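[1] Have a look at this prediction, sequence included:
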Amino acid sequence: MKDKRILYVSSEVIPYLPETEISSMSFEAPRMVNSQGGQIRIFMPRFGNINERRHQLHEVIRLSGMNLVINDLDMPLIIKVASIPKERMQVYFIDNEDYFKRKATFTDEDGNLFDDNDERAIFFAKGVIETVKKLNWSPDIIHVNGWLASLLPLYLRNYYGNEPLFSESKIVTSVYKQGFEGTLAEDMDKKILFDGLEDEKVAHLSTPNYDNLMKTAIDNSDAVIKGSSEIPESLNKYIENLDKPVLDFKSLEEFSSAYQEFYLEKVLNEETES
């Protein structure tokens, strides 16, 4: 993985949020690439239940300050950064007071999905891409983890389709069992269409449930990884019918060499030494 540039975009990363399959792999995979001499960037939302003082988050003024248009509203983008203790890795946090200041991640104290989770996902996708543009950092691979990050492939391939910085970038989406019950806002597809995307690109999102969000991400990705040993059956069938590289589930104990080989041989189509 030496000198390869990999951008990790995740809804959750340890140690900033509790340990799950998503947060664990969103830490272990970049750590593996980093240890192999690759270059990594990690992006996640700055949820309000992340302790900024304990984790020493600080705003990056030169990256903050732009507004993102979400459903005809200007929403300020704030970028914060922190270093993971004992690792030579930085994490960039996408922040906005309206979307992320609340003291929870995806649901309220009664377990109900936040009404604006759809807009938060749009904001996160755009925020990551705009920030990477400001960094002028062209990734070889963009690896997406978690449903809140699932709109990034859609936006990168369509809304930002002519952006030269990403012209050679390959997108990998990991699909996990960990999703959500019910649907996001019924007019989610209309908010995405407001950005000028074509109707067929958001066809799945007429019913914005977990499966359809992930199908949209898969459609706009170059390769797929099964992030859990068991994933929803409809997604399993969808993945089985794909004409693109798929890596079956690998545990934390065995993923390292499998991911390296998959990244290089299947995603970047490079030969590796046997």
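    Perfect, I can see it now. Residues are numbered from 1 along each chain as shown.

[2] Please make it C-alpha for all contacts and neighbour counts, starting now.
    Will do.

[3] Let me know the pLDDT of the closest residue to residue 145 other than its chain neighbours.
    Distances taken as C-alpha to C-alpha, 6 or more residues apart in numbering put residue 10 closest to residue 145, at 4.6 Å, once the chain neighbours are dropped. We have a pLDDT of 98 for residue 10.

[4] what's the answer for the one 3 residues further on, then?
    As predicted, residue 13 sits at a pLDDT of 97.

[5] That one: neighbouring residues, count only.
    25 (other C-alpha atoms under 10 Å).

[6] So which residues of this protein form helices?
    Using DSSP state H, the helices of the chain run over residues 21-35, 52-55, 97-100, 117-135, 152-157, 188-193, 210-219, 233-240, 255-261.

[7] Which one, of these, ends up nearest to residue 107?
    helix 117-135 (8.9 Å; C-alpha to C-alpha).

[8] Hmm, residue 210 and residue 235 touching each other?
    No - Residue 235 is beyond contact range of residue 210, at 9.7 Å (criterion: C-alpha atoms under 8 Å).

[9] So the two - more neighbours on which side?
    residue 210 (22 against 19).

[10] per-residue pLDDT, that one?
    97.

[11] Residue 257 too?
    pLDDT recorded at residue 257 is 95.

[12] Mind giving me the packing neighbours of the helix or strand bottoming out on mean pLDDT in the chain?
    Counting by mean pLDDT, DSSP states H and E, the weakest-scoring helix or strand in the chain turns out to be helix 52-55, with a mean of 93. Packing contacts for helix 52-55, counted by 3 or more C-alpha pairs under 8 Å, 6 or more residues apart in numbering; DSSP states H and E, involve no helix or strand.

[13] For residue 204, give me its contacts.
    Counting by C-alpha atoms under 8 Å, 6 or more residues apart in numbering, residue 204 touches 212-213, 215-216.

[14] Neighbour count and distance to residue 82 added to those residues, as CSV?
    Formatted as CSV, those follow (neighbours: other C-alpha atoms under 10 Å; distance: C-alpha to C-alpha, whole Å):
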residue, neighbour count, distance to residue 82
212, 19, 33
213, 22, 29
215, 19, 32
216, 21, 31
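
[15] the strands in this protein, which residues?
    All strands of the chain, identified by DSSP state E, fall at 5-10, 39-45, 58-59, 67-70, 73-76, 78-83, 90-95, 141-145, 170-175, 223-226, 246-247.

[16] export those strands to CSV and tack on distance to residue 135 and mean neighbour count?
    As requested, these are exported to CSV (distance: least, C-alpha to C-alpha, whole Å; neighbours: other C-alpha atoms under 10 Å):
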stretch, distance to residue 135, mean neighbour count
strand 5-10, 12, 24
strand 39-45, 10, 24
strand 58-59, 15, 14
strand 67-70, 17, 16
strand 73-76, 18, 14
strand 78-83, 12, 20
strand 90-95, 11, 22
strand 141-145, 15, 26
strand 170-175, 18, 26
strand 223-226, 25, 23
strand 246-247, 30, 18
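
[17] Turn the ones you listed into JSON lines, columns for distance to residue 270.
    Formatted as JSON lines, the strands of the chain follow (distance: least, C-alpha to C-alpha, whole Å):
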{"stretch": "strand 5-10", "distance to residue 270": "14"}
{"stretch": "strand 39-45", "distance to residue 270": "17"}
{"stretch": "strand 58-59", "distance to residue 270": "38"}
{"stretch": "strand 67-70", "distance to residue 270": "37"}
{"stretch": "strand 73-76", "distance to residue 270": "40"}
{"stretch": "strand 78-83", "distance to residue 270": "31"}
{"stretch": "strand 90-95", "distance to residue 270": "28"}
{"stretch": "strand 141-145", "distance to residue 270": "13"}
{"stretch": "strand 170-175", "distance to residue 270": "13"}
{"stretch": "strand 223-226", "distance to residue 270": "15"}
{"stretch": "strand 246-247", "distance to residue 270": "16"}
